[in-house]
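Enquirer: just a sequence and a predicted model for now, questions to come.
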Amino acid sequence: MSLTDIPAKYGNATDGEMASGPLGRAAIRGDGALKVRGAATYALEQPVEDVLHCVLVQSTIGAGRIVAIDRSAAEAAPGVRLVLDAETSLKLKPMPDFFGNTPAGETYVPFARELTFNGELVAAVVADTLEQAHAAAALLDISYEEARSVPTFSDGRAGEGRAVDAMARHWGEADTAFAAAPVQIEATYETPREYNVPIEPHGLIAHWEANEKLTVYEPTQWVDGAARVFAGWFGLSFDDVRIVSPFIGGGFGSKAQVFPYSAVAAIAAKMLGRPVKLAVTRPQTFTAYGGRPATRQTLRLGATADGRLVALDHDAVSETAVTGTFTETLGIVTKMMYAVPNLRSRQNVVPVNTVLPGPFRAPGKNPSAFALECAMDELAVKLGIDPVALRRINEPDHDLDSGKPWSSRRLLQCYDVAGEAFGWAGRNPQPRSMREGRQLIGWGMAVGTHPVYTAPGEATVRLLADGSVEVSSSAIDMGTGTYTIIAQTAAEVLGVPVETVTVRLGDSRLGRAPVAGGSQLANLITAAVHKTALAARDELITLGLTDPNSPLRDQANTLTVENGKIGASRGDAISIGELLSAIGRDHLEVTRDTLPEADRTPEERQRMFSTLAGRGAFPEAAVSRHSFCAHFIEVRVDEDFGTVRVSRVVTALDAGRLYNPKLAESQFKGGIVMGIGMALLEEGVTDPRNGRILSSNLADYRIATNADVPEITTFSIGEPDYDATPLGGKAVGELAIVGVAPAIANAVYHATGKRIRQLPIRLDDLI
Ligand code: MCN
Ligand code: MOS
């Protein structure tokens, strides 16, 4: 079996009753058995021979510069092959990240000498064994000249930062409308740094062939994008780089891009002429790439006495690095959730001495909803109106920001379904009105949303003479279910049993696919597979009608493909395999992409796949496309100890058509679990003296585990939305995390009467 021959057989075809065909059924995960058996080979487990081990060395000061690195002791240590730093490293060509930040200078080395944050990559050691590399790395003698650092935006010296023009929104007269509003609230909400700690830490094996072709085994959410970065760094063509990533142990945004450590392994492998394996240690993951930046948002809401919003003023700040800009888009939910005639929203980014922050499940939307949905709860309390009723009053009939109609927005139905299942009607609005012994019980709710994005995708479908079907694409599956929904899509179109469909993913040699980010991949890649499978079916029919050796030749033009057979009628039908054999072919292969068929040159089409700007390849949608959800959450707060337990979650979601309700439910629940962590546990703590991250392990950086998670009930109330995407689905993967933290904060208020506006909610806030 080659490294990427991963069979992804669709498991249980009879599971779902809702769908007429395989697509939409609650099929079990095609790759599940491989994972359970330990047969799914992750990047660092790839059996590459003759591999050397590379260990990273990170800076230990908050800012300043390296005066000297004494490599001699490390170089002389047993087993050491190479010590890399800014001086000894091969020089590469600078490449921009996905947000347009390009390292300064003519050439690029992945090691810093001018230091901008604690934990910056400064050196690396390559040795025969991992232990030797670690031991030698400890022998590097680095002398620093330390400068004062500004580790967080709460540091008095951080300043106001700079405005992000793209985030500015203004309609109506927010100031005067707010001043005149009979009911007003103003409050500031804060979220801490959140670090992305997927179960599989980052790392790679880099392997050069004849020093000119590079193969990289690395977990990545976008093999195509990664291949372009490596090609750019080393001046290679796209085809000379191969990225292999069939299985990924979680990414949540942190594996969407390629980071400096990846360059290190590739440089070391090239310089030494041997494959190099590099595993980023768990503590190093906290600075080898960035997570969600800290945010601060001040909201002013003005309303009439009967609960109609008249003004929304939103002032937001997020952290970024001094070396580049990442914007946690804080106005993204604020500007489209409610019908507000007067709105102003603006955002600054404040550079601090940190690694450049990056995408973390539902970037922007998540903290954006935290502020807005807490503020709506505060307004409901002040108005004496039920929080659901307040939201119903302000439900917008179109997207006020874009001026477009919604492609679909079933949020009112979300309130109905989840509210009823939760028993919301029985809620006494009075805080501290429910208790069980020493436990104060609180009920809170909040909504979430996520946009639907568009980008091109490409797939290849092969029909084989043995009757089986192979589908391939460079798309990835990081636990989401891509393997499974692709098999379901192909089976649906070709009318073959899903068990006969094998799916290959995660290899940059396969068809081009967009990043598994922004919760877009499922819709985009099923669309590509659908289109390609249809084309394969048409080609098969054409061959059946026209090939001289076809037993179906010269039939009236009415051939159909059904149940794995092709024919004019059931009686005459022969299997796809029989037809291929009869005409002397062992397979039929078709590749298609989903770029609009405009008159673009092949080069232009290629370029459309090369950047996130692939989105620009499509005409602007005439509708505003978003998924929606409403969370209803119960918490129990210990009156003496202030501990908060989430005891019940009921969520209804409108994500359009679900391709696989079982997998989508798992996505929803995963998002909610992460939301519980955001509300109650996750917090990156830095040393104010030097920006060192103190919580750089999973004991101190706490994420929600089984003991933190209650029964979660989810209802999908979406309907196929063909204005949103070709197959009617909307965004799933990031949707459900959005709104969880404010629902919990609102429930904590209801339980205790204390309004906590800063995450995570701690027990000391409540005693
Ligand atoms: N799905 C469905 N019907 C739809 C859309 C999706 O049944 N209409 C299901 C499918 O099983 C699909 C999954 O939901 O595989 C996710 O689809 P989608 O919303 O398109 O998200 P992507 O495939 O683009 O995955 C990325 C998304 C993001 S951006 C983050 S962050 C995140 C998330 O997925 N990271 C995850 N979910 C994750 N789940 C796991 N296990 N690990 C991560 O790192
Ligand atoms: Mo998801 S944070 O968009 O990869």
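Expert: All right, it came through fine. Ligands and ions are numbered 1, 2, ... in the order given.

Enquirer: what residue in the stretch 51-200 of the chain comes nearest to ligand 2?
Expert: N196 (8.3 Å; Cβ to the nearest ligand atom). C-beta coordinates here come from the backbone N, C-alpha and C atoms, glycine included.

Enquirer: ok, that residue to I248 distance?
Expert: Between N196 and I248 the distance is 13 Å, computed by Cβ to Cβ, to the nearest Å.

Enquirer: ditto for A622
Expert: Separation of A622 from I248 (Cβ to Cβ) stands at 35 Å.

Enquirer: which one of the two has more residues nearby?
Expert: I248 (24 against 10; other Cβ atoms under 10 Å).

Enquirer: what's the helix or strand for that one?
Expert: Secondary structure assignment for I248, by DSSP states H and E: no helix or strand.

Enquirer: make sure A528 is indeed in a helix.
Expert: Yes: assigned with DSSP: H, G, I helix; E, B strand; the rest coil, A528 falls within a helix.

Enquirer: wait, the residue of the stretch 51-200 of the chain closest to ligand 2 sits on F360?
Expert: Yes: using Cβ atoms under 8 Å, N196 makes contact with F360 at a distance of 5.2 Å.

Enquirer: anything in contact with each of these two?
Expert: Listed as contacting both N196 and F360 by Cβ atoms under 8 Å, 6 or more residues apart in numbering are F252, G253, S254, G291, R292.

Enquirer: residues of the chain that sit close to ligand 1?
Expert: Contact residues (Cβ under 6 Å from any ligand atom) of the chain with ligand 1: 198, 250-253, 361, 478-482, 485, 516-523, 655-660, 663-664, 667, 670, 729, 731-734.

Enquirer: just the ones of the residues you listed in helices?
Expert: Under the assignment DSSP state H, these contribute T482, I485, L521, A522, N523, L663, A664, Q667, G670 to helices.

Enquirer: which residues sit in contact with the first one?
Expert: Think T482. Counting by Cβ under 8 Å, 6+ apart, the residues that T482 touches are A475, I476, L505, A516, L521, A522, I525.

Enquirer: on that earlier part again, how about the contacts made by the residue of the stretch 51-200 of the chain closest to ligand 2?
Expert: Going by Cβ under 8 Å, 6+ apart, N196 touches G251, F252, G253, S254, T285, Y289, G291, R292, G358, F360.

Enquirer: any of those buried? List them.
Expert: G251, F252, G253, S254, T285, Y289, G291, R292, G358, F360 (16 or more other Cβ atoms under 10 Å).

Enquirer: could you single out the nearest of the contacts of N196 to ligand 2?
Expert: Using Cβ to the nearest ligand atom, G253 comes nearest to ligand 2 of the contacts of N196, at 2.6 Å.

Enquirer: quick check: closest non-adjacent residue to the closest one.
Expert: Excluding the flanking residues, the one nearest G253 by Cβ to Cβ, 6 or more residues apart in numbering is P359, at 3.4 Å.

Enquirer: next: N348.
Expert: Once flanking residues are discounted, N348 sits nearest to G161: 4.1 Å by Cβ to Cβ, 6+ apart.

Enquirer: my read: that neighbour touches T327, true?
Expert: No: the pair G161 / T327 is not scored as a contact, 10.8 Å apart, by Cβ under 8 Å.

Enquirer: joint contacts of the two?
Expert: T320, V349.

Enquirer: burial of whatever residue of the stretch 101-250 of the chain ends up closest to ligand 2, as a residue count?
Expert: Nearest residue of the stretch 101-250 of the chain to ligand 2: Q221, at 5.7 Å (Cβ to the nearest ligand atom). By other Cβ under 10 Å, the residues close to Q221 number 25.

Enquirer: what residues are up against it?
Expert: Counting by Cβ under 8 Å, 6+ apart, Q221 has contacts I248, G251, G253, K255, A256, I476, M478, V515, A516, G517.

Enquirer: the fourth one against G479, yeah?
Expert: I take that to be K255. No: K255 lies out of contact with G479 (Cβ under 8 Å); the separation is 11.3 Å.

Enquirer: settle it for me: which of those two has more neighbours?
Expert: Per other Cβ under 10 Å, whichever of K255 and G479 has more neighbours is K255, with 30 against 22.

Enquirer: secondary structure class for the more buried one?
Expert: Assignment for K255 (three-state DSSP): coil.

Enquirer: quick one: contacts for it?
Expert: K255 touches P198, H202, P219, T220, Q221, I248, M478, counting by Cβ under 8 Å, 6+ apart.

Enquirer: buried residues, stretch 555-572. List them.
Expert: For stretch 555-572, the neighbour count (16+ other Cβ under 10 Å) marks Q555, L559, V561, G564, K565, I566, G567, A568 as buried.
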